[in-house]
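S.K.: Based on what follows, work out the 3D shape:
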Amino acid sequence: MELLTVAEMREADRHCLEDLGMPGPVLMENAGLRCVELLDVKLGQVSGKQIVVCAGKGNNGGDGFVIARHLALAGAQVRVFLTAAPEEVEGDARLNLGALLAVGVRPEPALTGPQRRNLTTALSAADVAVDALLGTGLTGAPRDPAASVIRAINRSGRRVLAVDLPSGSNADNGQVPGDAVRADWTVTFARPKVGLLLHPAAEYCGELFVGSLGVPESAFARLEPRAAVLTAEFVGAALPPPRLPDTHKGTYGRVFVVGGSTGMSGAVILACRAALRAGAGLTIAVVPRGINSSVESALIEATSVPADECESGSFSVAAAPQILAAVSAADAVALGPGLSRHEEAAEVAALLLDELTCPVVVDADGLTAFIGRLDRLARSRAPRILTPHPGEAA
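M.R.: Numbers count the residues shown, from 1 in each chain. Next comes the predicted model:
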C-alpha cells in the first residue's frame, strides 16, 4: 500500500477540490463517517455510549464536528470540547460546527484551567475519547490549550480514537517532539501517512485503519509516491503459485547466502532459513572456512561452501574467485549477513558486485562495504535490492 507525505496528500486534496470539483464538505463528511463506523464496530454500537470529542479549530476539528453530529444522531451521549473560540473556526470546519449546533450539541470551551477541569470530569465518565485536535500540518510540539487537553486525554485512561493521526505526532517523519495523544485506534484517510509507520509515532497510533474519502484513484495515481508498506495481499500476489506434484527442489531456484565471519555466523544461518521458508528450492551458505562447521551443524536443509579467510576470521580477498565460482549457478544471491567490516571482506563484496548479473540482496555489512565506493554499487550489472536499517541508510 502506498504511503503519502503531507505534501502529497495536500496535492491529492487540491486535485479533488480544484480539478475534479469535489466539494470539501463532502470529503470532511466522509472522513467523519469512517470514524463513526469504526466506533460502532469497536463499541458494539454507539447508541447509549458516553463519548467525548476534543476538537481544534482546523479541518481536523471539522472532522470531529461531523463525528459528534453522527454520534448524537445515533443515540450516543456526546460532549464536545473546543480548544478555540467558536468565531476562530473557519471554512468547512465552520460549516460543520453549524451543522453540529443544529442537532443540539453545543461545544464547551477548553481554553482555561477551570474549563479543562470540566473536560477531565467528562473524560472520567466516558466510554471513548475522540482526538480531533491537531492535523497533519503540525510540525513542532503542541502548545496550550491543545497540549493540556492532550495530557488530560492520556491521563484519563479512556479508550481513544485519533482522527487522521494522534495529535502531536509528525505525519512525515514519525517524530513526537512534545505531548502526543496515545490512541487505541487511529483512522487515517485515503492512504497511510509516512510518519504513522515510523517510530516513535507508530507507537502512539494503536491499531491503524485507512478510511475512504470517496476520492477517485486518479488523485493518487498522478502522485508517484516514493514509499509503500508491504501488506499480506501484496505479498500473497507476489509469491509463486502452489508447487506442482511433478517438480523437485531444483525447479524452485538456487539462492546463495554469502557472508558470515568469526562471531557472526548466526546472520547467515537466519538468512538461509528465511530463504528456505520463503520457497527457495536450494539454499547454499558461502562462508569463511573457520565457521563452516558451525554453520553446517545449524542448517539441516541448506548446504555450505567454505572459502578462504584472513586472520580476523572474515573472507580474504583470495576468496573472491572461489565465491564467484560457487555462485555461478545462482538464481539470486544474498550478500552481507555477518560479513564483518574488515577491509578484505569489504573488497570481496565489491568484487562480487562487479561480476554478478543475477539479482542480489545487499544487506547488513554488505552495505557498509560500499561506504566511500558507492560508484561501484551503482554500476553493478546485477539487479539490486538494498535492505538498510537507519544507520546503514545514513
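S.K.: Now do the strands in the stretch 151-300 of the chain.
M.R.: 159-163, 185-189, 207-211, 227-228, 254-258, 282-288 (DSSP state E, counting those that start in this stretch).
S.K.: Need the ones you listed in JSON lines (columns: mean neighbour count).
M.R.: C-beta coordinates here come from the backbone N, C-alpha and C atoms, glycine included. As requested, the strands of the stretch 151-300 of the chain are exported to JSON lines (neighbours: other C-beta atoms under 10 Å):
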{"stretch": "strand 159-163", "mean neighbour count": "27"}
{"stretch": "strand 185-189", "mean neighbour count": "25"}
{"stretch": "strand 207-211", "mean neighbour count": "16"}
{"stretch": "strand 227-228", "mean neighbour count": "15"}
{"stretch": "strand 254-258", "mean neighbour count": "28"}
{"stretch": "strand 282-288", "mean neighbour count": "27"}
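S.K.: Arg373: which of these is closest?
M.R.: Each of the strands of the stretch 151-300 of the chain was scored for nearness to Arg373 using C-beta to C-beta, and the closest is strand 254-258 (17.6 Å).
S.K.: same for the closest one, what does it pack against?
M.R.: If contacts are counted by 3 or more C-beta pairs under 8 Å, 6 or more residues apart in numbering; DSSP states H and E, strand 254-258 sits against helix 266-278, strand 282-288, strand 332-335.
S.K.: following the last one, which helix or strand comes up?
M.R.: Read that as strand 332-335. Remark: after strand 332-335, the chain's next helix or strand is helix 343-355, criterion DSSP states H and E.
S.K.: quick one, what contacts the closest residue to Leu196 other than its chain neighbours?
M.R.: Counting by C-beta to C-beta, 6 or more residues apart in numbering, Leu196 lies nearest to Cys205, which is 5.5 Å off, once chain neighbours are set aside. Contact partners of Cys205, counting by C-beta atoms under 8 Å, 6 or more residues apart in numbering, are Ala162, Leu165, Pro166, Ser169, Ala183, Thr186, Leu196.
S.K.: Report pLDDT for Cys205.
M.R.: Note on Cys205: pLDDT of 98.
S.K.: which stretches of the stretch 1-150 of the chain aren't confidently modelled?
M.R.: Low-confidence segments of the stretch 1-150 of the chain, defined by pLDDT under 70: none present.
S.K.: what about the strands in it?
M.R.: Under the criterion DSSP E, counting those that start in this stretch, the stretch 1-150 of the chain contains strands at 2-3, 50-55, 77-82, 108-109, 128-132.
S.K.: if we compare the ones you listed, which one ends up closest to Leu213?
M.R.: Closest among the strands of the stretch 1-150 of the chain, using C-beta to C-beta: strand 2-3, at 14.6 Å.
S.K.: list the helices and strands the closest one packs on?
M.R.: Judged by 3+ C-beta pairs under 8 Å, 6+ apart, strand 2-3 is in contact with strand 227-228.
S.K.: CA-only coordinates of stretch 263-278, as CSV, when you get a sec.
M.R.: C-alpha atoms of stretch 263-278 as CSV (Å, rounded to 0.1, in the frame of the first residue of the first chain):
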residue,chain,number,x,y,z
GLY,A,263,31.4,-14.4,16.0
MET,A,264,28.7,-13.6,13.4
SER,A,265,27.7,-16.9,11.9
GLY,A,266,24.1,-16.5,13.1
ALA,A,267,23.2,-13.9,10.5
VAL,A,268,24.0,-16.4,7.7
ILE,A,269,22.1,-19.1,9.4
LEU,A,270,19.0,-17.0,9.8
ALA,A,271,19.2,-15.8,6.2
CYS,A,272,19.4,-19.3,4.9
ARG,A,273,16.4,-20.4,7.0
ALA,A,274,14.4,-17.4,5.7
ALA,A,275,15.3,-18.3,2.1
LEU,A,276,14.0,-21.8,2.5
ARG,A,277,10.9,-20.6,4.4
ALA,A,278,10.2,-18.2,1.5
